[in-house]
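Asks: Based on what follows, work out the 3D shape:
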Amino acid sequence: MIPYGRQSISDADIEAVVAVLKSDYLTQGQAVPAFEQGLADYCQVPYVVACSNGTTALHLACAVLDLSAADRVWVSAVSFVASANCARYCNAEVDFVDVDPATGNLDVVALNNKLQQAALVHALPKALIAVHLAGQPCDLKEIGTLCRQYGIALIEDACHALGAHYQGTPIGSCLHSDMTVFSFHPVKPITTAEGGAITTRNQALAAKLRLYRSHGITRDPQALLMPSPGEWYYEQQLLGFNYRLTDLQAALGLSQLSRLDQFITQRRELARRYDELLTALPVQPLQQHSDRQSGYHLYVIEVAERDQVFARLRAAGIGVNVHYIPIPAQPYYRELGHDLAAYPGAHSYYQGAISLPLFPTLSHTEQQQVVHALDQAICG
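Replies: The predicted structure is shown next:
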């Protein structure tokens, strides 16, 4: 079966991990800071905090905003459930913002209307989590402007979008947001096996992220609250977590980062070929905006009779997937009072969405096989 995504591991990646295995430190050594600096340079941002996965990165981003049961967080209605769960981990109330079915990204008009209504009843959110679905940046400038207007923290969920650009600037630069979150799961633009990171321009947020990442403990002499009796001294200053990334993972990530631009170029070329190969079929790829460059984590199409087409493609050995079931449709969130009917854009997007195989090593022959199987699945 041709999978929808697959990691690409080189001999250099393996050698980087082996070098750490032969070193004195498998964790809490120098590989993680080196990886963080590499990401900072790539994203053109001063602060990067690496952690154990994309979900913990989202949780950390919510935790440092001091979210509580008294707060609300709004989330794009179409995403993986972690985009909303991270706020629930902080006991915050979650609500959703509808998406544009043509892109799957947050609908700015829907956001603006929802903010105006919330302001009238004093029910504004403390934070908004905006998702860059499939690797295409959402309308960051407009969303950032609205968040600043209403005093809302903006978290970019860029777990799909490392390597993407918005108006010429790399995603992760945080020019329009407070923090940006990345994932390094094996199907993502680069992998650390499991891993995540948060970028920010706010030094205080970065320091707090590092504190929360490692049990709330610091050994930094300049950050201690009590006099230090010796070099062994450390302080737990808040209730944090063990969300650290290992040096093994960081070494893999830093090696992969050196090939990120190559990976993105390959993904964009494959997406361009899909665009050409699919012109004769009754399908609609996600709309792409001219002022941004997608990282093409996913290649999503909209197709009629999606469930039937999906089943036929799987039977033909094509590992298609659906990204995603709208979060308000999940039983957990339905129990909290949410209803997918309130998000017609998300419902429309979901009804037809299929993700076709897309990864840097997908061959042209495999891609043609995917398109042929899709043609057969549609025609029956």
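Asks: For M179, list the residues it contacts.
Replies: For M179, the contacting residues are 61, 153, 155-156, 198-200, 202, 205, by C-beta atoms under 8 Å, 6 or more residues apart in numbering. From N, CA and C alone the C-beta is placed, and that goes for glycine too.
Asks: What about the nearest residue to N85 once chain neighbours are set aside, how many residues nearby?
Replies: Excluding the flanking residues, the one nearest N85 by C-beta to C-beta, 6 or more residues apart in numbering is T55, at 7.2 Å. Residues near T55, counting by other C-beta atoms under 10 Å, number 23.
Asks: same deal with E366?
Replies: By other C-beta under 10 Å, the residues close to E366 number 15.
Asks: Now do the helices in the chain.
Replies: Assignment of helices within the chain using DSSP state H yields the ranges 11-21, 31-43, 54-63, 82-88, 108-120, 140-150, 203-213, 247-257, 260-277, 306-315, 331-335, 344-352, 364-379.
Asks: how far away is the nearest residue to G5 once chain neighbours are set aside from Y25?
Replies: In space, and not counting its chain neighbours, G5 is closest to V187: 3.1 Å by C-beta to C-beta, 6+ apart. The gap separating V187 from Y25 is 28 Å, by C-beta to C-beta, to the nearest Å.
Asks: in this protein, which residue is closest to the centre?
Replies: In the chain, the residue lying closest to the centroid (C-alpha atoms, centre = their mean) is C159, at 1.6 Å.
Asks: got the contact list for A69?
Replies: 91-93.
Asks: Can I have the buried ones of those residues as a ChimeraX selection?
Replies: In ChimeraX, a selection of the buried entries from the contacts of A69 looks like this (16 or more other C-beta atoms under 10 Å):
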select :92,93
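Asks: Test for you: state the pLDDT assigned to the residue located most distally from the centre of the chain.
Replies: Centroid-distance maximum for the chain: P229 at 42.6 Å, with C-alpha atoms, centre = their mean. P229 carries a pLDDT value of 92.
Asks: next one: G380
Replies: Here the pLDDT value assigned to G380 is 74.
Asks: same question, A12
Replies: Note on A12: pLDDT of 98.
Asks: V187 and Y25: which is more packed in?
Replies: Regarding V187 and Y25, a neighbour count based on other C-beta under 10 Å identifies V187 as having more, with 17 against 13.
Asks: from the contacts of M179, which would you call buried?
Replies: Among the contacts of M179, the ones that count as buried (16+ other C-beta under 10 Å) are 61, 153, 155-156, 198-200, 205.
Asks: among these, which two are most distant?
Replies: Pairwise distances across these peak at 14.4 Å for A153 and T199 (criterion: C-beta to C-beta).
Asks: can you pull the contacts of R244?
Replies: Neighbouring residues of R244 by C-beta under 8 Å, 6+ apart: 27-28, 32, 51-52, 213-214.
Asks: residues near L175, how many?
Replies: A count of nearby residues for L175, using other C-beta under 10 Å, gives 17.
Asks: before we move on, what about the one 3 residues further on?
Replies: Residues near D178, counting by other C-beta under 10 Å, number 22.
Asks: Could you verify my assumption that it touches L205?
Replies: Yes: shown here, D178 and L205 form a contact pair, counting by C-beta atoms under 8 Å, at 6.8 Å.
Asks: ok, A377 touching G317?
Replies: No: the pair A377 and G317 does not pass the contact test of C-beta under 8 Å, sitting 11.6 Å apart.
Asks: Give me the more crowded residue out of these two.
Replies: Neighbours of A377 and G317, each counted by other C-beta under 10 Å, are more numerous for A377; the result is 23 against 11.
Asks: which one is that one nearest to, not counting chain neighbours?
Replies: Distance criterion C-beta to C-beta, 6+ apart; nearest residue to A377, sequence neighbours excluded, is R312 at 3.6 Å.
Asks: List the contacts of the one you found.
Replies: Contact analysis of R312 by C-beta under 8 Å, 6+ apart lists 373, 376-377, 380.
Asks: G29 too?
Replies: G29 is in contact with 20, 23, 247, counting by C-beta under 8 Å, 6+ apart.
Asks: In the record's domain split, what are the boundaries for the protein?
Replies: Per the record, the chain has its domains at 11-257, 260-379, by automatic domain parsing.
Asks: From the contacts of R312, list the buried ones, please.
Replies: Among these, those that count as buried by neighbour count (16+ other C-beta under 10 Å) are 373, 377.
Asks: Make sure the residue nearest to G5 is actually in contact with Y4.
Replies: Yes: here V187 reaches Y4: they are 7.5 Å apart, a contact under C-beta under 8 Å.
Asks: Show me what counts as buried in stretch 31-38.
Replies: Neighbour-count burial for stretch 31-38 flags 31-32, 35-36, 38 (criterion: 16+ other C-beta under 10 Å).
Asks: Centre of the chain to it, how far?
Replies: Chain-centre distance of stretch 31-38: 19 Å, with C-alpha atoms, centre = their mean, to the nearest Å.
Asks: what does that stretch rub up against?
Replies: 20, 25, 48-50, 192, 197, 244-248, 250-251, 253-254, 257.
Asks: again, only using 7 Å
Replies: Residues outside stretch 31-38 that contact it (C-beta atoms under 7 Å, 6 or more residues apart in numbering) are 20, 48-50, 245, 247, 250-251, 253-254, 257.
Asks: ditto for stretch 165-178
Replies: Here stretch 165-178 makes contact (C-beta under 7 Å, 6+ apart) with 42-45, 132, 137, 140-141, 144, 153-156, 158, 161-162, 164, 180, 182, 199-202, 205, 291-293.
Asks: Many thanks, I have nothing further to ask.
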